[in-house]
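coords below, sequence missing:
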């Protein structure tokens, strides 16, 4: 499934926006400096706001007044989140909660208080939108056999849930309109995404778009006009997302924005006259607003910070957004303790890093604004970093080839996410695949001549492909259609994959056999990830699993039968094997974030190595297994508001 969400009828391209220069409105920052407020959502009247706050290795829910006064933490933690979902009357908030074997939908009063579990199941489930009268919630869930995601309609009063579209096997998700009972449905079909109209619950869907590049943006229900008659959506038909508006009754669409960079996360103003959106034009992420009828786009922010749309605040012409910042740096420290050395400067924010196979070099990615990342290489012992490449795209972590000559990453330079490689000696970039599909995880094979790639090409969700780099044809290895992670072991690789389980929608763990069949190792509980650099020939692996009460823990798992034993202290999250296989690194929550530690495989003895003064994670061992290299991240996400009343009231 395209990751536009973890994403034609004949159309007339009119009203394409161009930049209009005006004085920028002055922002009001509501969060204090250093706050980490993520995915906030305002109540319908704008008087209350709910969100998540980084705590240890996860996040915790909070509620506050609209200006962030009286902020109180709620008794709900999660390893991953979506924005809290307010009921139409603002009296309730819905979100999801997970434990070892089930997901639950919980609803609680807007003022805080006891949380009521209104629905539970063994598959994943997330609340997406409320019906206009507040009697039902549309959920995104895994279907019965784990092969796709589907939309179900939940009655929170009774806890009953029924499929929105009985018999529909394609992956799909839906959003209620703000008035009436109609909804828009997005379908995912072999890398094609299209929009459908559902005029009343139970009615036969009516196709709205057909080109296969259309998604309702991350704002979800905010894509509806206040009267429920018009929809704004994203189309990447030209290679980067542009905004289009569509008349729900007639199906007629027109293009609203046009730029070489992405325009996304659109939200209608409460008076229906304006559409707020986030754009990467100018190679930086800023907020813009455009008349809903078409015309010039108006810039609202213009700086190096990364702004993300939260939405309009109640019935006012105030827009809320988050400003992301903080510092990420790489450090080295002896595993027996001692003084640490900072390897990268504070001026470069490091997202991901990896040491070379021989341990002499370290590659890392750093982000710039506008969804642009840089790739750097530096000596592992410290010294000047060399800017290797600026791919001008949003890119993932980098992985060294087994011979140390190339780096692999996935990036969105072609409009969808594809695998790329860069030559370490020259910085030359090469796009490996140009498919019209979404390629997720990509890893090296046994040498620098092949890749293994997860793709949603020809799959309801995704499958694993072998991609030769010598010009040969890619080969589809699996046909399960539900692969979501690949983890090769060292040496002659065993291909381990995480996949949506056929037993209740959990994430299982399997091994891809030479004939493409998947030998299931475990379906008993959700497996989130496998520690990197599993030694060649190992009969067991280190994994992260969901335990009782929804906590994530580390276990050593037998590759033969899926049996487990605890690994490391409670709450530890394993990261990397050492080069000899004698140790594993892990991260663990502290009062100020998280710290890094090591556990000895033979004895199980564990000790914390870093001070835990930020979010410290991702630790790798240098040759000799005596020094850890780790990333210390001090994220900052602040809620801010722009009052556009004067600016927009003067507009014709």
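In hand now; what should we look at? As the structure is a computational prediction, the values presented were derived from the model and not from experiment. Numbering: from 1, shown residues only.

Would you quantify the distance from residue 451 to residue 473?
13 Å (C-beta to C-beta, to the nearest Å). To be clear about C-beta, it is placed using only N, CA and C from the backbone, and glycine gets the same treatment.

Between these two, which contacts overlap?
Applying C-beta atoms under 8 Å, 6 or more residues apart in numbering, one finds that no residue jointly contacts residue 451 and residue 473.

Of those two, give the one with the bigger neighbour count.
Each of residue 451 and residue 473 has its neighbours counted (other C-beta atoms under 10 Å); residue 451 has more, 23 against 7.

Report the contact partners of that one.
Neighbours of residue 451 in contact, by C-beta under 8 Å, 6+ apart: 408, 419, 432, 442, 443, 444, 445, 466, 467, 469.

hey, what's it bridged with?
Beta-bridge partners recorded for residue 451 (DSSP bridges): residue 444, residue 467.

gap between it and residue 420?
Counting by C-beta to C-beta - residue 451 and residue 420 are separated by 10 Å.

Need the overlap of contacts for the two.
With contacts defined as C-beta under 8 Å, 6+ apart, the residues adjacent to both residue 451 and residue 420 are 408, 432.

quick one: which two of the contacts of residue 451 are the most distant?
Pairwise distances among the contacts of residue 451 were taken by C-beta to C-beta; the largest, 14.2 Å, belongs to 408 and 466.

Between those two, which is the more surrounded one?
Applying other C-beta under 10 Å to residue 408 and residue 466 shows that residue 408 carries more neighbours, namely 21 against 18.

Isn't the more buried one up against residue 419?
Yes. Between residue 408 and residue 419 a contact is recorded at 6.6 Å, counting by C-beta atoms under 8 Å.

what sits in contact with each of these two?
Common neighbours of residue 408 and residue 419 (C-beta under 8 Å, 6+ apart) are 442, 451.

List the residues that contact the nearest residue to residue 180 once chain neighbours are set aside.
Spatially, and ignoring its direct neighbours in sequence, residue 180 is nearest to residue 228 (5.7 Å; C-beta to C-beta, 6 or more residues apart in numbering). By C-beta under 8 Å, 6+ apart, the contact set of residue 228 is 132, 177, 178, 179, 180, 182, 248.

same check, this time on residue 486
441, 443, 452, 454, 464, 495, 496, 497.

Which pLDDT value goes with residue 9?
Looking at residue 9, its pLDDT is 21.

What of residue 239?
As summarised for this prediction, residue 239 has a pLDDT of 72.

Would you confirm that it belongs to a helix?
No. Counting by DSSP: H, G, I helix; E, B strand; the rest coil, residue 239 is not part of a helix but coil.

what about the stretch 151-300 of the chain, any weak spots by pLDDT?
For the stretch 151-300 of the chain, applying pLDDT under 70 flags the ranges 190-191, 202.

ok, now with 80
189-191, 200-203, 218-219, 237-240, 260-261, 282-284 (pLDDT under 80).

continuing past the helix or strand harbouring residue 565, what's the next helix or strand?
In the assignment (DSSP states H and E), residue 565 maps to strand 564-566. Under the assignment DSSP H and E, the closest C-terminal helix or strand after strand 564-566 is strand 573-577.

any idea of the angle whichever helix or strand comes after that following strand forms with strand 573-577?
Note on strand 573-577: by DSSP H and E, the next helix or strand toward the C-terminus is strand 583-590. Taking axes from the mean of the first three to the mean of the last three C-alpha atoms, to 10 degrees, one finds strand 583-590 and strand 573-577 inclined to each other by 150 degrees.
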